[in-house]
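Q: Got a predicted model here, sequence first, then my questions.
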Amino acid sequence: MVLSVPFSQFAAEVSRRCENRLAYVSRSGSRSVVTSGDTMRSLVVRAETELALDEVRTELTAQGLIVHEGEWSTEAVSTEHPHGFWFSAVAYQSSEDRPGLWVDATFEEPSQGAVLTRLVEEVREEAGAPDLTVEEFLRMADPNVVIVSLDEAKGFAQAARPAEPCD
């Protein structure tokens with residue numbers, strides 16, 4: 001059985017429902033996934049957040065959990081989400097001879113600011129630019145943010161479908 005909760009409630013639910021204080025963290029795309037399990041109850045508590053792994057570790061440790069790399073899972077874990085799905089893309093001026101493009105997907109509709117924050121966090125972690133701020137990125141890269149819902153993407157695909165030939 002899987003109990004999916006908001007990240008803000010994760011530590012409290014683990015304390016309430018699990019015998020141990022262990023949490024496992026991993027990345028799934030641009031999101032951090034946090035799980036804890038209780039084998040005696042056949043229960044997995046699961047949450048996702050847009051926070052970077054270091055921030056997740058710090059917050060969960062401060063709430064009294066012991067944090068490890070990894071993820072509990074069962075066959076009951078679903079990738080379906082009741083609220084929808086959004087694609088985000090950021091085109092930007094890069095230091096290369098061509099523009100940069102960053103693409104992300106989330107289960108909640110993000111704001112342009114949240115998209116830029118996720119991009120800058122990824123750049124900090126992967127490009128070794130720990131001091132880069134969103135404001136600096138805006139000045140240097142002149143980004144353009146596009147956010148498209150799954151329904152909008154389906155509409156684009158249907159509009160691009162060639163017409164059926166008449167017999």
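A: Received, thanks.
Q: which residues does the nearest residue in space to residue 59 that is not next to it in sequence contact?
A: Here the nearest residue to residue 59 in space, its sequence neighbours aside, is residue 51; by C-beta to C-beta, 6 or more residues apart in numbering that works out to 7.3 Å. For every residue, glycine as well, the C-beta is placed using N, CA and C. The contact partners of residue 51, taken as C-beta atoms under 8 Å, 6 or more residues apart in numbering, are 7, 32, 59.
Q: Could you do residue 112 as well?
A: If a contact means C-beta under 8 Å, 6+ apart, then residue 112 has 145, 147 as its contacts.
Q: same check, this time on residue 52
A: Residues in contact with residue 52, defined by C-beta under 8 Å, 6+ apart, are 32, 121, 124, 125.
Q: For the chain, name the helix or strand with the lowest mean pLDDT.
A: Across the helices and strands of the chain, the lowest-confidence element by mean pLDDT, DSSP states H and E is helix 150-160, at a mean of 82.
Q: Report all helices and strands that it contacts.
A: Counting contacts by 3 or more C-beta pairs under 8 Å, 6 or more residues apart in numbering; DSSP states H and E, the secondary-structure elements packed against helix 150-160 are strand 86-92.
Q: Counting by contacts, list what the strand it packs on packs against.
A: In this structure, strand 86-92 makes packing contacts with strand 100-106, helix 112-126, strand 144-149, helix 150-160, judged by 3+ C-beta pairs under 8 Å, 6+ apart.
Q: For the residue nearest the centre of the chain, give me its contacts.
A: The residue lying closest to the centre of the chain (C-alpha atoms, centre = their mean) is residue 31, at 2.2 Å. With contacts taken as C-beta under 8 Å, 6+ apart, residue 31 has the following neighbours: 48, 49, 50, 106.
Q: so the third one makes contact with residue 104?
A: It stands for residue 50. No. Between residue 50 and residue 104 there is no contact under C-beta atoms under 8 Å: 9.6 Å.
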